[in-house]
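Student: Would you be able to build a 3D model of this:
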Amino acid sequence: AAAPLSMGLLTHSGPPYWHPASKDLKAACRTASEICGERGANVSSLATLFALAEGRVACTLIGMKDIAEVDRAVEDAIRIVSNGNNGAQQAAEKVFPPSSDVALLTEKEKCALELLRDKAKGPFARVWSSGTFQWDGLAVAEEFWESVKGGKEEAEMRMRGSS
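Tutor: Alright, predicted model coming up:
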């Protein structure tokens, strides 16, 4: 599953202070949003289009806080299905091909995307090179279990009443 807006990461307003992503990833997403805004593109639309078009993602979850976000998400979904795509992988190749020929995107979105994808100077360059571009809560969970006496296994045995 994918959640392209990731509790606010790829939105104009940004994530809540408690979001588990690294500081570097939060900063990269904030910069990505600014780059998109400066070029007349919507970072949330790019994230949604990517997730909907990605063939390896079986399910996309999109949380919306108001009617405007619902309308935007519907418009993004319509862009994917109305382009005559016969499958998710074909959609992904049309929306986000490796080359600069990005069929479903507006010129403004293409311009922003090119900057976002720059592996040397783009906003995600640092997190891509350090490997801190993903957050799935595992690091937070592992840190929690390290703080529990005996770790996860002993805690599970205690909860089950075993010794």
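Student: what are the phi and psi values for the nearest residue to Lys26 once chain neighbours are set aside?
Tutor: Excluding the flanking residues, the one nearest Lys26 by C-beta to C-beta, 6 or more residues apart in numbering is Pro15, at 6.2 Å. All C-beta atoms are positioned from the backbone trio N, CA, C, and that covers glycine. Here is the backbone geometry of Pro15 (degrees, to the nearest 10): phi -80, psi 160.
Student: wouldn't Pro15 be in contact with Ala21 here?
Tutor: Yes: counting by C-beta atoms under 8 Å, Pro15 touches Ala21, with 6.7 Å between them.
Student: and for the two, which residues touch both?
Tutor: Residues touching both Pro15 and Ala21 comprise 6, 9, 29, with contact defined as C-beta atoms under 8 Å, 6 or more residues apart in numbering.
Student: what's the neighbour count on the second one?
Tutor: Leu9 is surrounded by 23 other residues when neighbours are defined as other C-beta atoms under 10 Å.
Student: what does the last one give?
Tutor: Cys29 sits with 25 neighbouring residues when counted by other C-beta under 10 Å.
Student: before we move on, back to that, give me the distance between the residue nearest to Lys26 and Thr106.
Tutor: 26 Å (C-beta to C-beta, to the nearest Å).
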